[in-house]
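Colleague: Starting from these lines, generate the structure:
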Amino acid sequence: MRALRERHRFVRGMVAWVGFRQTGLSYEPAPRHAGSSKFPFRALVSFAVDGILAFSVFPLRWSLAVGSGVASLALLYGLITVIMGLLNLSGARSWLPPGWATVVASLMFLGGVQLMAIGVLSEYVGRAFEQAKGRPEFIVREASVPERTCR
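Modeller: This next block holds a predicted model:
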């Protein structure tokens, strides 16, 4: 634990990450003497966010996944619109102004591409974040040191 040089320490996560053996204990908590907890909900949410961000780059990858989904939906929407136009099936959409489908598909696609670009950048940020934490690459559970003989 002393080898972890992190400034914002999330100790609960660090203990699990290092690999200490853990055992659950069942107990009945005694009633509080001083009333209810003074730890507000906002602080609990902040604590949870700290735990997620300290040990995961998953939130950074959301933009890549969402961007891919939005761009795919835009391509699908554009393809369906072109097929409906070629087959003259646009009667159900006659109340929309001309060019609506093109504008919507284009904006959705460009928005998805932007989110994907942000996702790629966030991958680099996540890797730099992991390096900056300076965590050891390996954790040795037990090391045997050979005995030295005195001469």
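Colleague: Give the residue spans of the protein that score low on pLDDT.
Modeller: 1-11, 16-17, 89-96, 137-138, 140, 147-151 (pLDDT under 70).
Colleague: center of it, which residue is that?
Modeller: Residue closest to the mean C-alpha point of the chain, counted by CA atoms, centre = their mean, is residue 59 at 1.7 Å.
Colleague: for this structure, which helix is longest?
Modeller: In the chain, with assignment by DSSP state H, the single longest helix is helix 100-133.
Colleague: now for that one, which elements pack on it?
Modeller: Packing partners of helix 100-133 (3 or more CB pairs under 8 Å, 6 or more residues apart in numbering; DSSP states H and E): helix 58-86. In short, each C-beta sits where N, CA and C put it, glycine included.
Colleague: So what's the gap between the helix it packs on and the chain middle?
Modeller: Put simply, helix 58-86 sits 21 Å off its chain's centre (CA atoms, centre = their mean, to the nearest Å).
Colleague: Stretch 108-125 too?
Modeller: The answer for stretch 108-125 is 14 Å, by CA atoms, centre = their mean.
Colleague: Tell me the buried residues in it?
Modeller: Neighbour-count burial for stretch 108-125 flags 108-109, 112, 115-116, 118-119, 122 (criterion: 16 or more other CB atoms under 10 Å).
Colleague: Dump that stretch to CSV, restricted to CA.
Modeller: In CSV, the C-alpha atoms belonging to stretch 108-125 read as follows (Å, rounded to 0.1, in the frame of the first residue of the first chain):
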residue,chain,number,x,y,z
MET,A,108,-26.8,12.5,-36.4
PHE,A,109,-23.9,11.0,-38.3
LEU,A,110,-21.6,14.0,-37.7
GLY,A,111,-22.5,14.0,-34.0
GLY,A,112,-21.8,10.3,-33.8
VAL,A,113,-18.4,10.8,-35.5
GLN,A,114,-17.6,13.6,-33.0
LEU,A,115,-18.4,11.4,-30.1
MET,A,116,-16.3,8.6,-31.5
ALA,A,117,-13.3,11.1,-31.9
ILE,A,118,-13.8,12.1,-28.3
GLY,A,119,-13.8,8.4,-27.3
VAL,A,120,-10.5,7.8,-29.1
LEU,A,121,-9.0,10.9,-27.3
SER,A,122,-10.4,9.6,-24.0
GLU,A,123,-8.6,6.3,-24.6
TYR,A,124,-5.3,8.2,-24.7
VAL,A,125,-6.3,10.2,-21.6
